[in-house]
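A.B. asks: Generate coordinates for the sequence data below:
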Amino acid sequence: MKIKTALLLMLAACAGSALAGPLAKENIDANAKWLLHLDVDQFRESRLGKFLIKEVLLKKMDEAKASANNLLTNLDAVKIIGQIHSLSAYGTSFETDANLRRQGIFDSVPELVVGTSLETGASLKGVLLLQVEPETRKILEGLAAGLLLQGDGTLTKTNEGGVDLYSVKDQLFVSPQDKGLILLSKSKAMIKEAMAVRTDKSKSLLASKAFTDFPPIADSIILMAVAEGFQDHLLIPPEAQVLRKADGARVVLGETTGNLLLNVALKVKDPAVLKQIQQVVEGILALASLSQSENKELQQLVQSVKVVATEKVVSVTAAFPVDSIITKAGQMMADEQNPRHKAETSTAEKPEAGAADAKQPQH
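C.D. replies: Just a heads-up that it's a prediction; the model follows:
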């Protein structure tokens, strides 16, 4: 995926959903098999986050507002972003259901609500925990009340055990909780299970050993994704089949001391397999260093990588200066906005007629 696309996806996730601050384990089911946590507070305060919000997200939202004649025209993007804290999404299995695919108006619903199966492309059942400021919740409930008054069946409201539950054509279920927490899922059953965890009727991650073998991380992380028992649900290239022997994986992204830090950790029970994975990673790094010796930026990144193996985990950490990332991103955006650059790119993609003719065999 291109850098710009990846960044836009990250921003879209930040803008569309949220759970405040560091991961609240008391809200996560003890049986969770996969978990994603995005700390929007940390992202918003990071240097890279400030740049992306100002130069990418807000500009894109302004463009959308300028070309729209709907609710977007009245939205205060800066205020909305300021009231978002973080996001947590989890699932208790890797079960997929092709019938839960997004349709119609649900094309705008973040895929993180249910995840994605890399193997089948079907939806992966899960629940999204979204926490917002009380004022934001009131706005959302006001919009919901307006839709209910229309009475066209798009939105319905029921009460489940004293808690309001909204349904969008029985395809998306939303339940506002106390303290600004909102639950979303395409599965009504998942919503009820999440509600049981919050009311202590089911055990939370606090009472589970899931994801505990990985090295500790600071509360200042921006993004964390972790999964266990996923081996049979991923498409892994033949040359990396050793990775299928990993029992779990975790990816962490953060910013500290002027660097963007990326940590990838693989949990392996078999010591021999763990050693194999460590050797594969170190071999890839050595190959990259030799084959890209003229690329100073890549050399700097490779040299920053540290590979550490413990009894059960292989951990790989890389660091790259935030200033370099911002400069590179700024140059990319400036080039794309330059009409001359666009014209040159278009011309480069089409071979000149003379050059094409010159390649034709002479008779």
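A.B. asks: Now do the helices in the chain.
C.D. replies: With helices called from DSSP state H, the chain shows them at 3-16, 40-45, 47-52, 58-66, 77-82, 134-150, 188-198, 271-291, 296-304, 322-337, 339-349, 353-358.
A.B. asks: With respect to Ala24, which of the ones you listed lies nearest?
C.D. replies: helix 188-198 (10.0 Å; CB to CB). Yep, even glycine has a C-beta here, placed from its N, CA and C like the rest.
A.B. asks: Flag every buried residue along the closest one.
C.D. replies: In terms of neighbour count (16 or more other CB atoms under 10 Å), helix 188-198 has its buried residues at 188, 190-195, 197-198.
A.B. asks: and if you look at stretch 222-231?
C.D. replies: In stretch 222-231, counting by 16+ other CB under 10 Å, buried: 222-228, 230-231.
A.B. asks: How far off centre is it?
C.D. replies: Chain-centre distance of stretch 222-231: 11 Å, with CA atoms, centre = their mean, to the nearest Å.
A.B. asks: residues making contact with it?
C.D. replies: Residues from elsewhere that reach stretch 222-231 (CB atoms under 8 Å, 6 or more residues apart in numbering): 10, 23, 33-39, 42-43, 46, 49, 94, 210-211, 214, 217, 244-255, 267.
A.B. asks: Give me the pLDDT value at Gln171.
C.D. replies: Looking at Gln171, its pLDDT stands at 89.
A.B. asks: The closest residue to Leu38 other than its chain neighbours and Leu181: what is the separation?
C.D. replies: Residue nearest to Leu38 in three dimensions, not counting chain neighbours: Leu87, with 4.3 Å by CB to CB, 6 or more residues apart in numbering. As judged by CB to CB, to the nearest Å, Leu87 and Leu181 stand 11 Å apart.
A.B. asks: ok so, going back, ok, of the buried residues of helix 188-198, which one's closest to Val280?
C.D. replies: Val280 lies nearest to Met190 out of the buried residues of helix 188-198, by CB to CB, at 36.3 Å.
A.B. asks: Do you have the strands of the stretch 101-250 of the chain handy? List them.
C.D. replies: Per DSSP state E, counting those that start in this stretch, the stretch 101-250 of the chain carries strands over the ranges 123-124, 127-132, 155-160, 163-168, 172-176, 181-185, 223-228, 248-256.
A.B. asks: Just flag the most distant two among the buried residues of stretch 222-231.
C.D. replies: Top of the distance list for the buried residues of stretch 222-231 (CB to CB): Ile222 and Gln231, 27.2 Å.
A.B. asks: Which segments of this protein make up each domain?
C.D. replies: The record's domain parsing of the chain by automatic domain parsing lists 1-138+171-210, 212-340.
A.B. asks: related to what we said a few turns ago, what would the buried residues of helix 188-198 look like in JSON lines with distance to Ile326 and pLDDT?
C.D. replies: Below are the buried residues of helix 188-198 laid out as JSON lines (distance: CB to CB, whole Å; pLDDT from 0 to 100):
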{"residue": "Lys188", "distance to Ile326": "43", "pLDDT": "91"}
{"residue": "Met190", "distance to Ile326": "39", "pLDDT": "92"}
{"residue": "Ile191", "distance to Ile326": "40", "pLDDT": "93"}
{"residue": "Lys192", "distance to Ile326": "44", "pLDDT": "92"}
{"residue": "Glu193", "distance to Ile326": "42", "pLDDT": "93"}
{"residue": "Ala194", "distance to Ile326": "38", "pLDDT": "94"}
{"residue": "Met195", "distance to Ile326": "42", "pLDDT": "93"}
{"residue": "Val197", "distance to Ile326": "40", "pLDDT": "94"}
{"residue": "Arg198", "distance to Ile326": "39", "pLDDT": "90"}
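A.B. asks: residue ranges with poor pLDDT in the stretch 1-150 of the chain?
C.D. replies: Low-confidence segments of the stretch 1-150 of the chain (pLDDT under 70): 1-21, 68-77, 95-124.
A.B. asks: and with 50 instead?
C.D. replies: 1-21, 99-122 (pLDDT under 50).
A.B. asks: Same check on the stretch 251-363 of the chain?
C.D. replies: For the stretch 251-363 of the chain (pLDDT under 50), the answer is 353-356, 358-359, 362-363.
A.B. asks: in the sheet, who's paired with the residue nearest to Leu38?
C.D. replies: Note on Leu87: beta-bridge partners by DSSP bridges are Leu38, Leu130.
A.B. asks: That one and Leu128 touch, don't they?
C.D. replies: Yes: in this structure, Leu87 is within contact of Leu128 by CB atoms under 8 Å, at 6.9 Å.
A.B. asks: of the two, who's got more company?
C.D. replies: Neighbour totals were compared for Leu87 and Leu128, and Leu128 leads with 27 against 24 (other CB atoms under 10 Å).
A.B. asks: what number of residues lie near Asn338?
C.D. replies: 12.
A.B. asks: cool, and Asn159?
C.D. replies: Using other CB under 10 Å: Asn159 sits among 8 other residues.
A.B. asks: what sits against the closest residue to it other than its chain neighbours?
C.D. replies: In space, not counting the residues next to it along the chain, Asn159 is nearest to Leu165; the distance is 7.0 Å by CB to CB, 6+ apart. Contacts for Leu165 (CB under 8 Å, 6+ apart) come out as 157-159, 173-175, 188, 191.
A.B. asks: Apply 10 Å and report the result again.
C.D. replies: 156-159, 173-176, 183, 188, 191-192, 195 (CB atoms under 10 Å, 6 or more residues apart in numbering).
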